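K.L.:
Any chance you can model this:
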Amino acid sequence: MPIDQTLKQPEAKPVAEQVVIAAFDFDGTLTQRDTLMPFLASGLGWPRFLLALLVCSPWLAAFALRLMPNHVAKQKLLQVTLHNKTTAQVDDWTNRWLDQSLPGQLRSWSMARLGEHQQAGHCCVLVSASPDIYLKRVARQLGFDALLCTEMASESGRLTGLMTTPNCHGEQKVLRLKAWMAERFGVNGGAEVVYAYGDTSGDKPMLRMAKHAFYRGKPWQA
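P.N.:
Sure, this is the predicted structure:
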């Protein structure tokens, strides 16, 4: 899957004209809290989800104690919960989650800021460690121009549970943004990350790219 997951193509702009980019984290920034765990619980049902957590408990405990990096524990959880699930089945999970859970999770302030950027014609990019299995639909629904996130592998219509990209967290957000900007606008395309929004330390590398950074809804400086 290519790095660029553009959801809609902005109108071509002259090279001399600056492209203003607004980069948004998802979990805890546009939403009230993490969405991956609730999404998996909703799809699997609580008994199966709790069993999956039990199976993954050694990895999750090691991560909580800072004995294991985030991406290793996350990979184990995704493998246990998603392996061999059909893409159609996960699409059904997404439909239900979008209808029943997402609307009540969205933060009014962040959504208002997103709307202001869209009205101003800025290029809005969703940059998240959560997986593409549901974020593709979220990004389209919220009107983002592009999505950069953790991507999942599938074979013959079934998920393998493995990530095909590094976990889009911390410095990976910066690497993915820079790669996408170079591919989408070119080295001399005039694109610049002017605004960035986040809520955890994993977002701070991305916030440092921006002229105007907002951390948990407040202006932030490195």
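K.L.:
any chance you could map the strands in this structure?
P.N.:
5-6, 19-24, 123-131, 146-150, 152-155, 158-163, 191-198, 212-215, 218-220 (DSSP state E).
K.L.:
Could you list the buried residues of the fifth one?
P.N.:
What it means is strand 152-155. Judged by neighbour count using 16 or more other CB atoms under 10 Å, the buried positions of strand 152-155 are 152, 154. Yep, even glycine has a C-beta here, placed from its N, CA and C like the rest.
K.L.:
What residues does the nearest residue in space to Q105 that is not next to it in sequence make contact with?
P.N.:
Nearest residue to Q105, sequence neighbours excluded (CB to CB, 6 or more residues apart in numbering): T31, at 4.3 Å. Applying CB atoms under 8 Å, 6 or more residues apart in numbering to T31 gives the contacts 102, 105-107.
K.L.:
ok so, going back, I'd like the strands of the chain as JSON lines, with distance to E171 appended.
P.N.:
Shown next, in JSON lines, are those (distance: least, CB to CB, whole Å):
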{"stretch": "strand 5-6", "distance to E171": "19"}
{"stretch": "strand 19-24", "distance to E171": "14"}
{"stretch": "strand 123-131", "distance to E171": "12"}
{"stretch": "strand 146-150", "distance to E171": "13"}
{"stretch": "strand 152-155", "distance to E171": "21"}
{"stretch": "strand 158-163", "distance to E171": "16"}
{"stretch": "strand 191-198", "distance to E171": "13"}
{"stretch": "strand 212-215", "distance to E171": "16"}
{"stretch": "strand 218-220", "distance to E171": "17"}
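K.L.:
the bottom helix or strand of the protein by mean pLDDT?
P.N.:
None of the helices or strands of the chain scores lower by mean pLDDT, DSSP states H and E than strand 5-6, at a mean of 47.
K.L.:
for the chain, longest helix please?
P.N.:
Using DSSP state H, we find that the single longest helix of the chain is helix 46-64.
K.L.:
which ones are touching the residue nearest in space to the middle of the chain?
P.N.:
The chain has S128 as the residue nearest its centroid, 2.1 Å off, counting by CA atoms, centre = their mean. S128 makes contact with 25-27, 135, 147-150, 168, according to CB under 8 Å, 6+ apart.
K.L.:
which one of those sits closest to H212?
P.N.:
Distance to H212, by CB to CB, is smallest for D25 among the contacts of S128, at 14.8 Å.
K.L.:
Wait, the closest one touches D199, no?
P.N.:
Yes. Counting by CB atoms under 8 Å, D25 does reach D199; the two are 6.3 Å apart.
K.L.:
Neighbour count: these two, which is higher?
P.N.:
D25 (27 against 20; other CB atoms under 10 Å).
K.L.:
Next, find the distance separating the more buried one from E155.
P.N.:
Here the distance between D25 and E155 works out to 30 Å (CB to CB, to the nearest Å).
K.L.:
show me where pLDDT drops low in this structure?
P.N.:
Residue ranges of the chain with pLDDT under 70: 1-16, 188.
K.L.:
among the contacts of T31, which ones are buried?
P.N.:
102, 107.
K.L.:
With distance to L36 as added columns, please give the contacts of T31 in a markdown table.
P.N.:
As requested, those are exported to a markdown table (distance: CB to CB, whole Å):
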| residue | distance to L36 |
| --- | --- |
| L102 | 13 |
| Q105 | 12 |
| L106 | 16 |
| R107 | 17 |
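K.L.:
Determine which two of the contacts of T31 are furthest apart.
P.N.:
Greatest spatial distance in the contacts of T31: L102 and R107, 11.8 Å, computed using CB to CB.
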